[in-house]
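Engineer: Predicted structure and sequence below. I'll ask about it afterward.
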Amino acid sequence: MDWPPDHIAPSPSDRARLVWLDDPSLTSAEVALLAGCRPATAANARRSLENYGVLEPRREQRPRFPQSVPMPRAPAALMQGACVGVLPSPWTSDDPADRTRARLICMTECHVAAACLDWALAAVPVSDSAVYAGTGPSERRALRAARGIKRPNAVTAISAARQSCPECGTPLAGENLITEPGRRPGTVRRRCRNCTRIRKHEAYQRRRAAAAAEAAS
């Protein structure tokens, strides 16, 4: 941006404010590029303009709906496997010779292969091409089909968890959905009406018992 020659060059914050006033729809990175300042300076300039009421505050973007379910924690016994500490790891290699060596180690030297296989069938993503307990991705798919292990889509699993009470499992809809602030700021706790009534009654009983004990002492 060009400045008049008879004026003192403004500070980086002043340049960022001018750019924000010219186009409030820009991002902090774009303003920093135009104003010749750091993105943090541009963000602070935007914040000051919002605090003074010059610009409308931006709506905070809600976190995107999670598309994956965290993998279950591996059993502690797997830390004693034959693959622990082997570098470079042949279990994650794409070389056929390395994968054959990894399979042989799993089948002949590892004493926790059974636990590793059970965990891999339940937790390892289908797209993971590494070798677990001597099996590749195609063999694990066949074993899941043979054992009847059905792994629902991640979005379906999360949606089902959000639509049912975590304590009694009843559907949460309409008047049966009670939302309360969670323990962490910005989180919401979802329960059914009956479980909410039971929790409030238990909390009331605890307060009465505490008050009675305090009065007796």
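Structural biologist: Cool, got the structure.
Engineer: show me where the protein has helices.
Structural biologist: 12-22, 28-35, 39-51, 96-108, 113-123, 137-147, 154-162, 193-216 (DSSP state H).
Engineer: and residue 129, which of these is closest to it?
Structural biologist: With Cβ to Cβ as the measure, helix 137-147 is the member of the helices of the chain nearest residue 129 (5.5 Å). Glycine gets a C-beta too; all of them are placed from N, C-alpha and C.
Engineer: Would you mind splitting the protein into its domains for me?
Structural biologist: Recorded structural domains for the chain (assignment: automatic domain parsing) are 1-58, 83-147, 167-216.
Engineer: Surely residue 90 and residue 99 touch.
Structural biologist: Yes. Between residue 90 and residue 99 there is a contact at 6.6 Å, judged by Cβ atoms under 8 Å.
Engineer: rewinding a little: and the domains of the chain as CSV, adding distance to residue 77, mean neighbour count and mean pLDDT?
Structural biologist: Output for the domains of the chain, formatted as CSV (distance: least, Cβ to Cβ, whole Å; neighbours: other Cβ atoms under 10 Å; pLDDT from 0 to 100):
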stretch, distance to residue 77, mean neighbour count, mean pLDDT
domain 1-58, 47, 15, 82
domain 83-147, 5, 15, 89
domain 167-216, 31, 12, 84
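Engineer: As CSV, those with distance to residue 75 would be great.
Structural biologist: Formatted as CSV, those follow (distance: least, Cβ to Cβ, whole Å):
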stretch, distance to residue 75
domain 1-58, 44
domain 83-147, 6
domain 167-216, 27
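Engineer: rewinding a little: shared neighbours of residue 90 and residue 99, anything?
Structural biologist: With contacts defined as Cβ atoms under 8 Å, 6 or more residues apart in numbering, the residues shared by residue 90 and residue 99 are residue 131.
Engineer: returning to that earlier point: quick one: closest of the helices of the chain to residue 76.
Structural biologist: Closest of those to residue 76 is helix 113-123, at 9.8 Å (criterion: Cβ to Cβ).
Engineer: Run through the neighbouring helices and strands of the closest one.
Structural biologist: helix 96-108, helix 137-147 (3 or more Cβ pairs under 8 Å, 6 or more residues apart in numbering; DSSP states H and E).
Engineer: Out of the ones you listed, the one nearest residue 23 is which?
Structural biologist: Comparing those under Cβ to Cβ, the one sitting nearest is helix 137-147, at 49.3 Å.
Engineer: Residues in contact with that closest one: which ones?
Structural biologist: Against helix 137-147 from outside (Cβ under 8 Å, 6+ apart): 117, 120-121, 124, 126-129, 132, 135, 149-151.
Engineer: before we move on, back to that, dump the helices and strands packed on helix 113-123 into CSV; add distance to residue 185 as well.
Structural biologist: Converted to CSV, the helices and strands packed on helix 113-123 look like this (distance: least, Cβ to Cβ, whole Å):
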stretch, distance to residue 185
helix 96-108, 46
helix 137-147, 40
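Engineer: now for these, which one comes closest to residue 45?
Structural biologist: Of all the helices and strands packed on helix 113-123, helix 137-147 sits nearest to residue 45, with 50.7 Å by Cβ to Cβ.
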